[in-house]
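Visitor: Would you be able to build a 3D model of this:
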Amino acid sequence: MNSTSKEDPKNNYSTNEVAEVELVDEDILDAMQHIPGYLDITTEDFRTIYHLAHRHALARLFAKFKACNLMRTGIEPLSPDMYLDEAIKAIVRSGLKSLPVVDEKGCVTGMLTETDFLRRLKVDTFLELLLDMLDDDFEFQHRCHETHVKEAMTSPAITVTKDAGFGEVITAFHQHDGRSTPIVDSDGRLLGILLRKDFIAAFNLEYLR
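Guide: Residues are numbered from 1 along each chain as shown. Presented below is the predicted three-dimensional model:
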């Protein structure tokens, strides 16, 4: 199931749409002063042209985008019954910060992230964990080799299908704090993952950082 069906009014992007920068009259008048000759146009006319041009540009840039264009394949997912110590090794080997968790049918059931590990260790950041470890009395209270992935993972995972458009992908990234989003087929089976950094780099979307 595609979990991006959750609605969040603050992040309600329609497909292939990005919020416009709001122009005030001062912006428009300053721009018009740099255009030689006489302009028989009001600031409201200018704003309307800008609005239409913005929508046209987005349609041109993003109309052909699909999540599968940027997704990384060959990802080795985690099993919900795997122990956390083995899952840690798998995530390190992958070079990623998180990995999807799939059931016996290959359907995504959750994501295991660095944040999930920190939560089990009752800290918010790795710096906080490091400070704790510098304490002479520190000892790990959590036994990773006795805890299954399904007990620690974030579930359900926010996923998108391989044909998801630009706006749907943005919505997915705004719905979770992770660095990657699983790409699935129509039955929810894992196809790959889309990294936030790959998406930002492709479209220079600094506001998603």
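
Visitor: next structured bit after the lowest-mean-pLDDT helix or strand in the chain?
Guide: Across the helices and strands of the chain, mean confidence by mean pLDDT, DSSP states H and E is lowest for helix 126-133: a mean of 76. Proceeding N to C from helix 126-133, the next assigned helix or strand is helix 149-152, under DSSP states H and E.

Visitor: shaky segments in this structure?
Guide: 1-19, 136, 138-142, 205-209 (pLDDT under 70).

Visitor: In it, which helix is the longest?
Guide: Ranked by number of residues, the top helix in the chain under DSSP state H is helix 43-62.

Visitor: before we move on, what SS does the spatially most central residue of the chain have?
Guide: Centroid-nearest residue in the chain, with CA atoms, centre = their mean: F173, separated by 2.8 Å. With DSSP: H, G, I helix; E, B strand; the rest coil as the basis, F173 sits in helix.

Visitor: Pretty sure it sits against F199.
Guide: Yes - with contacts counted by CB atoms under 8 Å, F173 reaches F199, the gap being 7.0 Å. C-beta here means a position set from N, CA and C on the backbone, and glycine is covered the same way.

Visitor: what number of residues lie near S94?
Guide: By the criterion of other CB atoms under 10 Å, S94 has 17 neighbours.

Visitor: so it makes contact with P77?
Guide: No - if you go by CB under 8 Å, S94 and P77 don't touch, sitting 9.8 Å apart.

Visitor: Just want the phi and psi numbers for S98.
Guide: phi -160, psi 160 (degrees, to the nearest 10).

Visitor: Return the residues in contact with it.
Guide: Applying CB atoms under 8 Å, 6 or more residues apart in numbering to S98 gives the contacts 91, 111-114, 178-180.

Visitor: Quick check: the gap between F65 and E114.
Guide: 28 Å (CB to CB, to the nearest Å).

Visitor: cool, and K122?
Guide: Distance from K122 to E114, by CB to CB: 15 Å.

Visitor: More neighbours: those two, which one.
Guide: Neighbours per residue, other CB under 10 Å: of K122 and E114, the larger number sits with E114, 16 against 11.
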